[in-house]
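Q: structure, please.
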Amino acid sequence: PLFHVSVQANTLVATLDQIFPEGLDPRSSTRVLCGLARRRDVDIVFTALAWHKLRDYELNHHHYNAVIDACAKTGLWTKALQLVAVMAQGNVASNTITFNTAANAFKKGGSWDRALQLLGTMAQIAVEMDSVTSSAAISVCRKAGYWEKAMQLLSEMEMCKLRLGTIAVSAAVSACEQCGEWQKSLQLLSLMAQIEIECSATTYNAVISACEKGNEWER
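A: Here you go, the predicted model:
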């Protein structure tokens, strides 16, 4: 099968022409790109996308999402953002999955401001944000130690009636812990109890650490 054949990116175009001499319909194209994306070889996936463009095959958000997914799996957040921009320039409609996948690229690396920029783009083009996108952005804020922004995103999730999950709230707790914001950490711990979110040992440890940093160890 194609997805199990080792092939270098510089020969992929010829290989695809040979395997699919009659071309591909959009659904088959999606399967090809998704299969290549699972290989986590971004050069090959980008070459395959270029091949589709060279042959004037119809491209939609399914195709781009597959390539963005390859970027996310390898932490290439800059390329993920570039693809989102290419979609906009080419009038290819993006969806929530597009942005969720791109946001996941930031978990392996990337700047918090770009992650928030991604959320802003969603709002501008009226793509519905969900808990996955927000949780990814909060995780990026945690790594950067931006507890205020993490708390703001949690508030926005509540206002939008998005489900607050363990990942989002725990990431916000960790962001507060890094900055010694023990009061905020305790508030979030209380929130988790109120809305019955499972609290892990990691979350408890983050709250304890925040209290220690604030010399509130008796809490």
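Q: and the helices in the chain?
A: 9-19, 26-37, 42-54, 61-73, 77-89, 96-105, 112-124, 131-144, 147-159, 166-178, 182-194, 201-213 (DSSP state H).
Q: average pLDDT across the fifth one?
A: Spelled out, that is helix 77-89. Averaged across helix 77-89, pLDDT comes to 84.
Q: circling back: could I get the helices of the chain as JSON lines with mean neighbour count?
A: All C-beta spots, glycine's among them, are computed from the backbone N, C-alpha and C. What follows is the helices of the chain, written out as JSON lines (neighbours: other C-beta atoms under 10 Å):
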{"stretch": "helix 9-19", "mean neighbour count": "14"}
{"stretch": "helix 26-37", "mean neighbour count": "18"}
{"stretch": "helix 42-54", "mean neighbour count": "18"}
{"stretch": "helix 61-73", "mean neighbour count": "23"}
{"stretch": "helix 77-89", "mean neighbour count": "18"}
{"stretch": "helix 96-105", "mean neighbour count": "24"}
{"stretch": "helix 112-124", "mean neighbour count": "17"}
{"stretch": "helix 131-144", "mean neighbour count": "24"}
{"stretch": "helix 147-159", "mean neighbour count": "18"}
{"stretch": "helix 166-178", "mean neighbour count": "25"}
{"stretch": "helix 182-194", "mean neighbour count": "18"}
{"stretch": "helix 201-213", "mean neighbour count": "17"}
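Q: ok, of the ones you listed, where does mean pLDDT dip lowest?
A: Lowest mean pLDDT within the helices of the chain: helix 9-19, a mean of 66.
Q: quote the end-to-end distance of stretch 48-63.
A: 10 Å (C-alpha to C-alpha, to the nearest Å).
Q: my read: Ile138 touches Gln152, true?
A: No. Judged on C-beta atoms under 8 Å, Ile138 makes no contact with Gln152 at a distance of 9.6 Å.
Q: next, the closest residue to Ala123 other than its chain neighbours: phi, psi?
A: Closest residue in space to Ala123, ignoring its immediate chain neighbours: Met129 at 7.4 Å, by C-beta to C-beta, 6 or more residues apart in numbering. Torsion angles at Met129 (phi, psi; degrees, to the nearest 10) stand at phi -90, psi 140.
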